[in-house]
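J.: Here you go, sequence then predicted model.
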Amino acid sequence: MRLVGPYRLGELLGERSVHSFYDAEGPGPHGAHSKVRLLVTRLSGEVPDAYAATYLDDVRAAESIRHENVLGVVGHGFDLGVVYMA
């Protein structure tokens, strides 16, 4: 199985242009090992600083959402040509 950051990818749930959505396993809330959903965005070439800043803004916005029908963000990062959010 492939690793993205600390997450072990499972079944591919869907794809769109540069985004893929997976079942995955890795650190969950409070560091416990758990099943998570992982959004992976493939990048080409170097990651521009402006993109990295925008991505981190998006992560912070997603982390602030608290609703029973929305999965919370438990991790994110950059790894080998992809950015990910769990």
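T.: Everything's here; your move. Numbers count the residues shown, from 1 in each chain.

J.: quick one: low-confidence ranges for the chain?
T.: Counting by pLDDT under 70, the chain contains low-confidence residues at 1, 29-31, 44-49.

J.: tell me the residue furthest from the middle of it?
T.: With CA atoms, centre = their mean as the measure, the chain has its most outlying C-alpha, relative to the mean C-alpha position, at E68: 19.6 Å.

J.: Tell me if I am right that it is in a helix.
T.: No. Read with DSSP: H, G, I helix; E, B strand; the rest coil, E68 is coil and lies in no helix.

J.: Mind checking what helix or strand follows the helix or strand containing L56 in sequence?
T.: Secondary-structure element containing L56, defined by DSSP states H and E: helix 49-63. Past helix 49-63, heading to the C-terminal end, the next element that is a helix or strand (DSSP H and E) is strand 76-79.

J.: which helices and strands does the helix or strand following that next one pack with?
T.: Following the chain from strand 76-79 toward its C-terminal end, the next helix or strand by DSSP H and E is strand 82-85. Here strand 82-85 touches strand 33-42, helix 49-63, strand 76-79, going by 3 or more CB pairs under 8 Å, 6 or more residues apart in numbering; DSSP states H and E. Placement of C-beta: from N, CA and C, glycine included.
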